[in-house]
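Colleague: this is the structure alone, sequence omitted:
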């Protein structure tokens with residue numbers, strides 16, 4: 001058989017999705033980073049972004065659940081509630097979360113400016129009828145991160161989900177509480193998610209004297 005260019009199989013030039021990207025667990029933001037982003041968004045009058053950022057931090061929800069929130073989920077009576085409950089898309093299980101005073105104020109300001117009504121998505125995308133996509137959310141986060149001088153490639157939407165959960169764990173050592181707040185079905189999932197090491201567990205144990 002004579003080999004000709006037409007009989008030579010083409011070499012696939014498929015480029016891996018993660019080429020040039022930093023993969024793995026994204027770290028949580030530090031409190032100083034949270035306040036830097038909040039302050040910048042407030043100064044620049046980015047009402048929607050401030051509301052989105054604050055809700056993401058407080059709710060500890062996955063990105064797909066944050067963008068799918070509706071007005072009634074957080075402000076059923078026209079004003080933001082102290083607590084909310086939503087059903088997670090990934091697990092189908094409901095999860096409760098608190099909304100701090102600064103978050104309630106940010107959401108109330110956003111609702112007043114946008115005149116959103118009951119039944120509408122809280123954070124809409126380019127088409128007002130639909131909600132913001134997770135990709136749009138990720139792009140916004142990259143901008144917020146870059147605006148305070150951090151490398152946006154090091155952080156992702158899960159960084160916001162992990163931020164408050166990690167802080168609660170470090171301050172209390174209460175894994176069960178964090179498990180409930182994240183909506184995990186197994187405590188092992190929470191351990192892996194927070195990246196808890198043996199040294200962390202020993203440090204907590206040392207604080208308990210029997």
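Modeller: Everything's here; your move. Computed from a prediction, not measured in an experiment: that's the story for all the values here.
Colleague: all strands of this structure, in order?
Modeller: Assigned by DSSP state E, the chain shows strands spanning 83-87, 94-98.
Colleague: mind checking the ones you listed for the one nearest to residue 150?
Modeller: strand 94-98 (25.2 Å; Cβ to Cβ). Quick note: C-beta positions are derived from backbone N, CA and C, even for glycine.
Colleague: which parts of the closest one are buried?
Modeller: 95, 97 (16 or more other Cβ atoms under 10 Å).
Colleague: related to what we said a few turns ago, make TSV out of the strands of the chain and add distance to residue 26 and mean pLDDT.
Modeller: TSV is the format used below for the strands of the chain (distance: least, Cβ to Cβ, whole Å; pLDDT from 0 to 100):
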stretch	distance to residue 26	mean pLDDT
strand 83-87	22	95
strand 94-98	20	95
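Colleague: any chance of these in TSV, with distance to residue 43 too?
Modeller: Listed next are the strands of the chain as TSV, based on distance: least, Cβ to Cβ, whole Å:
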stretch	distance to residue 43
strand 83-87	28
strand 94-98	26
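Colleague: which of these sits closest to residue 32?
Modeller: Comparing the strands of the chain by Cβ to Cβ, strand 94-98 comes nearest, at 21.7 Å.
Colleague: which neighbouring elements make contact with the closest one?
Modeller: helix 47-59, strand 83-87, helix 175-182 (3 or more Cβ pairs under 8 Å, 6 or more residues apart in numbering; DSSP states H and E).
Colleague: within the sheet, what are the partner strands of it, with directions?
Modeller: Strand 94-98 has its sheet partners listed here by DSSP bridges as strand 83-87 (antiparallel).
Colleague: deepest in the core, which of the helices and strands packed on strand 94-98 is it.
Modeller: Comparing these by mean neighbour count (mean count of other Cβ atoms under 10 Å), helix 47-59 ranks first with a mean of 23.
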